[in-house]
Structures are given as structure tokens and as C-alpha cells.
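Colleague: need coordinates for the below:
(2 chains, ligands or ions: 2)
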Amino acid sequence: MTKLKSWKELPCGAIIDDPKAVLENKTGAWRSQRPVWNKDRCIHCLTCWIYCPDAAIIVKDGKNQGINYDYCKGCGICASVCPKKVQAITMEQERK
Amino acid sequence: MILAKTGNEALAYAMKQINPDVVAAYPITPSTEIVQIFAGYVNDGLVDSEFVAVESEHSAMAACIGAAACGCRTMTATASQGLALMHEMLFIAGGLRLPIVMPIASRSLSSPLNIHGDHSDSLASRDSGWMQFFCETVQEGYDTLIQAVKIAEKASLPAIVAVDGFILSHCLERIESFEDKKVRDWLGKWKPNWDLLDIKHPILVGPATMQDYYFEFKRSQIEGMNRALPIVEEVQADFAKQFGRGYGVIEEYKTEDAEAVVLLMGSACGTMREAVDALRKQGKKVGMVKLRVYRPLPHPILKQALARFKTVAIMDRADAVNSYGGPLFTEVTSLLYDLPQRPKALAYVYGLGGKEFTPEDGIGVLEQALAGKKDALVTYVGVR
Ligand code: SF4
Ligand code: SF4
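Modeller: Ligands and ions are numbered 1, 2, ... in the order given. You can find the predicted model right below:
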């Protein structure tokens, strides 16, 4: 664990100038529904990637690679924007 | 240039000379005219400001916070319920250390509805991390608003400049104004510590902190306010050098050999000067201490100044409902508590909801202070 700083070492106004610090803050713990991605149905249009508010869609070389459950909070936006004909993402109960 | 201006006009005029980058505002009595007149300046192209008309004071402060986080010199104006509606956003501006500057025409809070002047609004915002300046005259309001911009930016703290509603906001006074260019040159360009829109240096503004860091951040914010007093003094001195008008964080009036003094803030100081003069003519040793800067509270200065009197009557134009005296009284008496020889302190609440406060009322308070006795825990001046 990193050593906690004293109040004298903190930036004015609690500004964090290292935005990737939020990577350490895994926000997926309070998901009640989980999006499940179907690799075979996906046409890699990346609509879900554009819409995901948590940047939880993993993309590599312009292709969807699935969902990062460390950060996905289960809002279901990806499932609702995925083209109806394809329907490559379905929402399921996180704990059955 | 000598001008005849109401408080609102003078504050709007100062805002024109400050030429802030962004003003977001919603109108409320008695401060409406400040932004109304300012909107005219925007319309006439006399300022470069972006004027954001919002749908509430809460949104006004939210927009100001956004603008200030992007490094813009940002202002708004409000009063009373408007300030109360901003309440939660005031804390955010304070915690983010954003130097937003806001004139307010101080006014009572409902209920019952009353649109007239007292300090209930600003004093209820006391703990939000904003500096607070109280002005005696329109001239002082004009000067202080200009100073506040520099103080806020140097201290990384937001600032309220309060003029008493209607008593100052709507009454015409003679003011000496400066040239636009002189004001703008003195203020210089604001160089923010960071800019939310600088995509080359991305930052996170307003993070969540848990038990591990919240208290530490608050502690550093408190230190920011603790360190603001020398900045206030330094900027006021620089202002005096540049423009020839100086103010202390407190001002003593006829206190040299005084035994009893009154401590108060705002326009009633003018009334109190007359009361002091009248009693001085009778050879009575009374005086006044005017407090101009309520936050940062000038601890050492006030303590030293008040320690030498037998009695200090502390007068609040707001009540803290069931407290022992108004906010100013409780703060100043706790400040005096550890003095080896404390002056006697008398608590007065006066002028709520614009209730008239006359030189005769002032004489009454001073005479009681001189006698060193009071009728009650708290004396409510002029209540039937
Ligand atoms: S459910 Fe919401 S958070 Fe999770 S991947 Fe889909 S859009 Fe992103
Ligand atoms: S929106 Fe659907 S089809 Fe498009 S990339 Fe995402 S999962 Fe694949």
C-alpha cells in the first residue's frame, strides 16, 4: 500500500493532475446487472464503446475485445445501443 | 472621476472595469441591478465577458464553478434566498479553491418574507470557505470589489463583498472612480494554477475522498483561509499605493482613550460614528471598532485591538437563534477568552429585516457599554 500523504503535501483544491489515478479506483463492484458480449454476433461498429460512460469496452486495433468488469457498472447502455439486428450484448443478473 | 452612483450601480461599474471572463447570474432583490446593469455592458460591447443567463442561483454558482475551473476570471452577484440557494455550491467553490468573486446586497432570509437589509444571508454562509468583506459605504463597496479580485486570486479562495441591501444597494452616493485601464492594469491578467480545458495537461477536478483524505483536504483548505489575512493586508496596501485610498482589516474610530467601544460591520458603522461623536462632545470616552474583514477573521489584530478596552459591545445584524448573541459576538468573545484580562463583552442584535438603526440607538448602546451593564443575555435593539 502507498503511504498516505499529510495535509501539507496535498494539491490546492484537491486537483488531481494524474488523471489515470482513477484506474486504481475500481468502480465495478456495485453492478447488479452484467452485460455479456457475444463475440460471434458483434460487427465491431463500436457504438457501445462510444456510449459507455465508464470506458469499460475494451477495444484493440479497432475491434471490440469484450468488457472490462473492473469498471463496468452495469448501466446497460451498451446493450441498448448495440444495433437491434445484431444484439451482441445482453444483460444478465450479476448474481443468479 | 466623481460619479453619483447607487451601491448596485457602483458594483456593476466596478465589474465593468474588472472585465471578468465569465459572469453567470440570476436576478434577486436587492442585488438584481448589479447583473442587470452588467448585462447592459455586455450588450454594448464594453466588456469582453461571456454572460450566462441561468435558471437559478444554484445554476449560477455551478456555472461559475465550471468557468473558474477552466481558469476564467469569474463573477456573479446575489442576495438572500439566492445566496441560500447557492449554499451547497458555495462549499464546492471553497473546497476547490476557486477565486470566484461575488458582490452581494445583504438581505434578510425568509420566513417571514422580507427583502430588506441585514446580514443573515452572508453570515449563514460563514462556513463555506469564502472570504467575506463588509462595506460601510458605496465607495468602500466599489473599492473592495476591485481589491477582492486580486485577493481571491492570490489566496486561491472565493470572496463575497457585502453591501447592505437597500441602505447601500439602492442609495445614491458620491464615489470617486478610477479609469478602466488603471483598474485593468492593476489587476493584470489572471494566471490560473490549472485549466480544466487544457487537454494537453488533463486533470481531475472534484474527486471523491474517503475517510483517508477528506479531513486532510479540509485541513489544507483551512490553512488557505488562515494564510489569507496577510494577503488581504498586502493587496489593500498595494491598492492604497496605486489609488490613494486605504483600508485596514479593522478601523478604529476615536478609540485612543476610549473605555467602551462598539464593534460592528457594514453601513451601521456610519450611524455609529455619529453616535460616538455625540457622546464625545459630552466628554464620554467611547469609540468604535469597525470590522471590514469577517473571513479571514483577523484574529491577532482584533484581539490586540479589543484587549485594551473595559467594555466591548458587539453588534450583529443577524441572529444565530438561541445562541448567546449573533455570529460576530460568539466568534469575537471566544477570540478574547484566553486573554489574561478580558474586556466585558455585551451582545447586541440590531436592524433585522431592515429595521431602522438610528444614531440615538447607537448612543443607547454606547451608554450601556460605558456603564458596563446590560439588561439581558442578548439585547435586541429597537424591538417593540
Ligand atoms: S453496462 Fe454500462 S458501464 Fe458496463 S459496459 Fe455497458 S455501457 Fe459500459
Ligand atoms: S455495439 Fe454491439 S455490434 Fe457494435 S461493437 Fe458493440 S457489441 Fe459489437
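Colleague: how close does the residue most central in space within chain A get to chain B?
Modeller: Among the residues of chain A, A:A56 comes closest to the average C-alpha position under C-alpha atoms, centre = their mean, at 2.0 Å. When C-beta to the nearest C-beta, to the nearest Å is the yardstick, A:A56 and chain B sit 18 Å from each other. Backbone N, C-alpha and C define where each C-beta goes, glycine included.
Colleague: if I read this right, that residue contacts A:N68, doesn't it?
Modeller: Yes - counting by C-beta atoms under 8 Å, A:A56 sits close enough to A:N68 to count as a contact (4.8 Å).
Colleague: what residues are shared contacts of these two?
Modeller: Listed as contacting both A:A56 and A:N68 by C-beta atoms under 8 Å, 6 or more residues apart in numbering or on different chains are A:G28.
Colleague: let me see the contact set for B:K310.
Modeller: For B:K310, the contact set (C-beta under 8 Å, 6+ apart) comprises B:E259, B:A260, B:P343, B:K344, B:G372.
Colleague: among the residues you listed, name the ones in strands.
Modeller: Of those, the ones assigned to strands by DSSP state E are B:A260, B:K344.
Colleague: of the contacts of B:K310, closest to ligand 1?
Modeller: Lowest distance from ligand 1 to the contacts of B:K310 (C-beta to the nearest ligand atom) belongs to B:P343, with 63.1 Å.
Colleague: my read: that closest one touches B:V312, true?
Modeller: Yes - taking C-beta under 8 Å as the contact criterion, B:P343 and B:V312 are neighbours in contact, 4.8 Å apart.
Colleague: that older thread, may I ask which of the contacts of B:K310 has the most neighbours?
Modeller: Sorting the contacts of B:K310 by how many neighbours each has (other C-beta atoms under 10 Å in any protein chain shown) puts B:A260 first, at 26 neighbours.
Colleague: once you drop chain neighbours, what's closest to it?
Modeller: The spatial neighbour of B:A260 that comes closest, neighbours along the chain excluded (C-beta to C-beta, 6 or more residues apart in numbering or on different chains), is B:A369 at 3.8 Å.
Colleague: is that neighbour located within a strand, as I assumed?
Modeller: No - if the criterion is DSSP: H, G, I helix; E, B strand; the rest coil, then B:A369 is helix and not within a strand.
Colleague: my guess is it meets B:T311, correct?
Modeller: Yes - the criterion here is C-beta under 8 Å, and B:A369 meets it with B:T311 at 4.7 Å.
Colleague: between those two, which one's more packed in?
Modeller: Here B:A369 and B:T311 are compared on neighbour count by other C-beta under 10 Å; more neighbours surround B:A369, at 28 against 22.
Colleague: pick out the residue of the stretch 151-300 of chain B closest to ligand 1.
Modeller: Using C-beta to the nearest ligand atom, the single residue of the stretch 151-300 of chain B nearest to ligand 1 is B:A208, 17.7 Å away.
Colleague: confidence score at that residue?
Modeller: Note on B:A208: pLDDT of 89.
Colleague: what about chain A, any weak spots by pLDDT?
Modeller: Low-confidence segments of chain A (pLDDT under 70): A:1.
Colleague: which bits of it sit near chain B?
Modeller: A:4-8, A:10, A:12-17, A:19, A:21-22 (C-beta under 8 Å from any C-beta of the partner chain).
Colleague: again, 7 Å this time
Modeller: A:L4, A:S6, A:W7, A:L10, A:C12, A:G13, A:A14, A:I15, A:I16, A:D17, A:P19, A:V22 (C-beta under 7 Å from any C-beta of the partner chain).
Colleague: just the buried ones from those?
Modeller: A:L10, A:G13, A:A14, A:I15 (16 or more other C-beta atoms under 10 Å in any protein chain shown).
Colleague: how many neighbours does the closest residue in space to the second one that isn't next to it in sequence have?
Modeller: What it means is A:G13. Leaving aside its sequence neighbours, A:G13 sits nearest to B:R97 (C-beta to C-beta, 6+ apart; 3.6 Å). Counted with other C-beta under 10 Å, the burial measure for B:R97 works out to 23 neighbours.
Colleague: now do A:K85
Modeller: The local packing count at A:K85 equals 8, with neighbours defined by other C-beta under 10 Å.
Colleague: that one: what secondary structure?
Modeller: Using three-state DSSP, the structure places A:K85 in coil.
Colleague: just B:D257 next, same as before
Modeller: coil.
Colleague: again with B:N8
Modeller: Under the three-state scheme (three-state DSSP), B:N8 adopts helix.
Colleague: next up, the contacts around it.
Modeller: With C-beta atoms under 7 Å, 6 or more residues apart in numbering or on different chains as the criterion, the residues that contact B:N8 are B:S31, B:E33, B:I34, B:I37, B:A105, B:S169, B:H170.
Colleague: the first one: what's it in contact with?
Modeller: In other words, B:S31. Applying C-beta under 7 Å, 6+ apart, one finds that B:S31 lies in contact with B:N8, B:A77, B:T78, B:A79, B:I104, B:A105, B:S169.
Colleague: relative to ligand 1, how far out is the fifth one?
Modeller: I take that to be B:I104. Remark: distance between B:I104 and ligand 1 (C-beta to the nearest ligand atom, to the nearest Å) = 42 Å.
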